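Undergrad: coordinates only, sequence not included:
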C-alpha cells in the first residue's frame, strides 16, 4: 500500500515534543511553559469574543494583531508575519528560504531544525560546538552559509550578544540569518527585532508561548524586511488561508497590550532561574549559564535518561534527549515548584551517594 | 536579494480566499459560512476553558476530539486525524501522497488543489467537464490516477453518489482517492466516512467551518485507513507539534456533542437553498442543482465580474473568479439575507432590461 505515499514521506523522521501526560498530577518542567497564567484581561478578551462571530472566518491578514506587534517593535506592518505557533513559522521559513539549499546551525540546538531540513529537502550543516555545549564563535564566524540560530540557544540557554549577531549579518549581506528568539524575553538583552530596519537579511522569530504564557493558544510571529515577510506570506497563502483563529488573534492582541503584567511574571521567572541555578550548583550539579526560562543541567554521576526517570517517579517531568547523554533540561516553574524540585533533587543525589 | 529565496518559492501562485471586508456592513454570501451561530453550549465550553491553563501547550494528539469524531463515524481512533482547518489537512495530504507524483481532479473544483500541486511539486491533471460545469463521469471513470474529488463539488454544488465513488475505489485498490466533504452535511447523502473500513485507499476530509458553524475556530479532520492517517501524522509531526489550540479542541469536541442543534440549522440552510434556487430561476437565472450551502448561478446577460460588482455596490458580497466568465457562487444566508439578495437581484436584472 505504501505506493500511495510520496517519496518525501518515506524519508521523514518526526520531531518528538515533550510529554503531555495526564496519567497523574506532575510538576511539569519539561516543555518550557510559563508557570504563571496569562493576564486576566487576555482571558476576558477571549471570553467576550466567544460569540456568534465564530461562524465567520477569521481575518486572514491578522490586521489588529499585526498592528500591535508592529507598534511594539517599532516597525512597519509589512515587516510583521503572524503564524499558528512559531513552529509553523519556522516550517514556512525553511520552505521559503532553505528548501533544496544549504543551512547551518549549531550542532545542539532546537531539534526541530533538522526535521524541517528533511521535510523541505534542505542540506543541513551542524556547526561543531566547544566542550559543554557552547557555541564555538570561531566556527560560527567562519561559516558563510545561511544560518538559523536560536538565541538564547535551546536547550542550553546560551545567549549571543546583539553586537556579535550584527557582525555575522554584516559579513555577507545576501546571506539570510534567522534568529529564533523564543526565549529572548528572559534574556535581559534587546531583541534583534531592533535591527530589522538595518539588515534586510535578518528574520527574527518570536512566540507567545513562553513569555506571554499562551502556549495553549498557538501564536508565533516574525519581524523582518518586506522581502522576507512577503516570502512567508506567499508560502502561507499556498498552504492555509486562515491559520490563526479568531480567539487566538484576539487573545494575542490583548496580551501585547498587557506588556507590564507579562514583564512582571517574566522577571519572577528570571529570579527563580537564578536562585535554582545556585541551589543546583550547591548540590554538585553542572549548570550552564542560562538566559532563558530553563536550565541545562548535568547531575554528575547520572546519565540523562536515569535522572529523567528518577524525577518522573517523584512526580516531576523534565526534558531528556537520547542523543544528549549527560545533560537534561529543566524548565523554570514557580518558586514553590522549584523548591519541591530541589528537594527531590537532593533526595536523588543523596540516595545515590548512600548507595555508593 | 531574491537569492535568499528557495526555488520552490519563486514558482508559487497563492490561493486567493474570498474577501473579508470591514469597510462597511455587507451581507456576506461569498465564503460559504453558516448563517446561524454555533450552539450556545459550544460557546459556553470555550468560555469556561479560557483560563490559566492557556499557559500550557494543548494536547498534541487532540485525544478528546479524536474520540468523539471516531464515535460519530463509528471508526477506531487511529483512523481519525485532526487539523488546523481542512486546508491544512489538504496541504498535509498533498505532501504525504501527491508530492512529486500525479493527481487528477475535475477542471473546475476547489481552486486550492492546483495551488497545493505547485507547493508540493505534484503534477496535476485537470479532468475535462461536460457543458455547464458538470463532472463528466466517462472521463472520471476512465482516469486511473490518484484522485481528489470535492463532493459535493465546489463551486458547482454537484453531488456524486456514494455508490459511484465506491465503483471508482474498487477499480484500482492501490490508487488513493481523497473525498473532500467540506459541504457533505448539506447533501442529505451518507458520508464516504461510512466506507473507510472497506476501502484502504479512501481518505475522507471534513471540516467544522461550514456545517458546525465554526469557521472562526479552524478545525478540519480526516477519516481513513490507519496507513493513511499514520502518513498524515508523520507530516504533521515534521511540521508543527501542536497545530490545534486548546480552545479549538474544546469547542469542536462540544460541537460534535450538540449534533441535533447543528442538524437543525443545516436543515434550515437546505430549505433556504431550495427556495432561493426557485426564485433565481423565476428571474431567468441558470442555477445548477446544488447539494451544498451555496448556489452556482449564471445571471444571463451579465459576466461574472459585472454581476459581482453590482451586488457589491448594493451591499452584498458574492464570490467570483476571473477564470469563470459566466457563473458566480452565492452562499446561502438566513431567509432574511436571501430575501434581500433576491430583491437586489431583481433590481439588477430589471434595471439592465430597462437599459436595453
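TA: Now that the structure is in, tell me what you want to look at. Quick caveat: nothing in here was measured; it's all calculated off a predicted structure. Numbering: from 1, shown residues only, chains lettered A, B, ... in the order given.

Undergrad: please count neighbours and contacts with C-alpha atoms only from this point.
TA: Noted.

Undergrad: and the spatially closest residue to residue A:78 that is not a sequence neighbour, how many neighbours?
TA: In this structure, residue A:78 finds its nearest non-sequential neighbour in residue A:226, 5.9 Å apart by Cα to Cα, 6 or more residues apart in numbering or on different chains. Residues near residue A:226, counting by other Cα atoms under 10 Å in any protein chain shown, number 18.

Undergrad: now residue A:68
TA: 18.

Undergrad: hang on, it packs against residue A:255?
TA: No - if you go by Cα atoms under 8 Å, residue A:68 and residue A:255 don't touch, sitting 9.7 Å apart.

Undergrad: tell me the pLDDT of residue A:3.
TA: We have a pLDDT of 87 for residue A:3.

Undergrad: Three-state assignment for the closest residue to it other than its chain neighbours, please.
TA: Once flanking residues are discounted, residue A:3 sits nearest to residue B:174: 7.3 Å by Cα to Cα, 6+ apart. Using DSSP: H, G, I helix; E, B strand; the rest coil, the structure places residue B:174 in coil.

Undergrad: ok, which stretches of chain A are helices?
TA: Here chain A has its helices, by DSSP state H, at A:7-11, A:40-49, A:63-73, A:85-93, A:112-119, A:137-142, A:162-171, A:226-237, A:246-257, A:259-282, A:304-313, A:335-355.

Undergrad: could you dump those helices into a markdown table with distance to residue A:201 added?
TA: Output for the helices of chain A, formatted as a markdown table (distance: least, Cα to Cα, whole Å):
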| stretch | distance to residue A:201 |
| --- | --- |
| helix A:7-11 | 29 |
| helix A:40-49 | 34 |
| helix A:63-73 | 17 |
| helix A:85-93 | 13 |
| helix A:112-119 | 19 |
| helix A:137-142 | 16 |
| helix A:162-171 | 7 |
| helix A:226-237 | 8 |
| helix A:246-257 | 26 |
| helix A:259-282 | 28 |
| helix A:304-313 | 38 |
| helix A:335-355 | 40 |
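
Undergrad: buried deepest among these, which one?
TA: The highest mean neighbour count among the helices of chain A, using mean count of other Cα atoms under 10 Å in any protein chain shown, belongs to helix A:85-93: a mean of 25.

Undergrad: what's next to that one, contact-wise?
TA: Identification of contacts with helix A:85-93 by Cα atoms under 8 Å, 6 or more residues apart in numbering or on different chains yields A:82-83, A:116, A:182, A:205-209, A:218-222, A:232, A:235-236, B:239-243.

Undergrad: let me know the angle separating that helix from helix A:226-237.
TA: 100 degrees (axes from the mean of the first three to the mean of the last three Cα atoms, to 10 degrees).

Undergrad: please list the residues of the stretch 151-300 of chain A that sit near chain B.
TA: Taking Cα under 8 Å from any Cα of the partner chain as the measure of proximity, the stretch 151-300 of chain A contacts chain B at A:174-176, A:209-210, A:213-218, A:227, A:231, A:234-235, A:237-247.

Undergrad: again, only using 6 Å
TA: Within the stretch 151-300 of chain A, the positions lying close to chain B (Cα under 6 Å from any Cα of the partner chain) are A:213-218, A:237-240, A:245-246.

Undergrad: which pair in these spans the largest distance?
TA: Greatest spacing in these, by Cα to Cα: A:213 and A:238 (29.8 Å).

Undergrad: nearest residue to residue A:291 in space, please, no chain neighbours.
TA: In space, residue A:291 is closest to residue A:187, 4.6 Å off (Cα to Cα, 6+ apart).

Undergrad: thought the one you found was touching residue A:290?
TA: No - contact status for residue A:187 versus residue A:290: not in contact, 8.3 Å apart, counting by Cα atoms under 6 Å.

Undergrad: what about residue A:303, how many neighbours?
TA: Neighbours of residue A:303 (other Cα under 10 Å): 17.

Undergrad: could I get the contacting residues of it?
TA: A:325-326 (Cα atoms under 6 Å, 6 or more residues apart in numbering or on different chains).

Undergrad: pLDDT wise, what is the closest residue to residue A:59 other than its chain neighbours at?
TA: The spatial neighbour of residue A:59 that comes closest, neighbours along the chain excluded (Cα to Cα, 6+ apart), is residue B:20 at 6.7 Å. Listed pLDDT for residue B:20 reads 78.

Undergrad: mean pLDDT added to the helices of chain A, as TSV?
TA: Shown next, in TSV, are the helices of chain A (pLDDT from 0 to 100):
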stretch	mean pLDDT
helix A:7-11	91
helix A:40-49	98
helix A:63-73	98
helix A:85-93	98
helix A:112-119	97
helix A:137-142	97
helix A:162-171	98
helix A:226-237	97
helix A:246-257	98
helix A:259-282	98
helix A:304-313	97
helix A:335-355	88
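
Undergrad: state the distance from residue A:10 to residue B:231.
TA: Residue A:10 sits 9 Å away from residue B:231, going by Cα to Cα, to the nearest Å.

Undergrad: so for stretch A:196-204, first residue to last residue, what's the gap.
TA: Across stretch A:196-204, the terminal residues are separated by 8 Å (Cα to Cα).

Undergrad: and the average pLDDT for that stretch is what?
TA: Rounded mean pLDDT across stretch A:196-204 is 97.

Undergrad: list the buried ones in it?
TA: Of the residues in stretch A:196-204, A:196-197, A:199-204 count as buried by neighbour count, 16 or more other Cα atoms under 10 Å in any protein chain shown.

Undergrad: so can I have CSV of those showing distance to residue B:42?
TA: Shown next, in CSV, are the buried residues of stretch A:196-204 (distance: Cα to Cα, whole Å):
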residue, distance to residue B:42
A:196, 42
A:197, 44
A:199, 46
A:200, 45
A:201, 45
A:202, 42
A:203, 39
A:204, 37
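
Undergrad: just to revisit the earlier point, buried by neighbour count, from the residues of the stretch 151-300 of chain A next to chain B: which ones?
TA: A:213-218, A:237-240, A:245-246.

Undergrad: what is the nearest of those residues to residue B:350?
TA: Using Cα to Cα, these come closest to residue B:350 at residue A:237, 39.3 Å.

Undergrad: and the gap between the one residue sitting closest to the centre of chain A and residue B:339?
TA: Chain A has residue A:182 as the residue nearest its centroid, 3.7 Å off, counting by Cα atoms, centre = their mean. According to Cα to Cα, residue A:182 stands 51 Å off from residue B:339.
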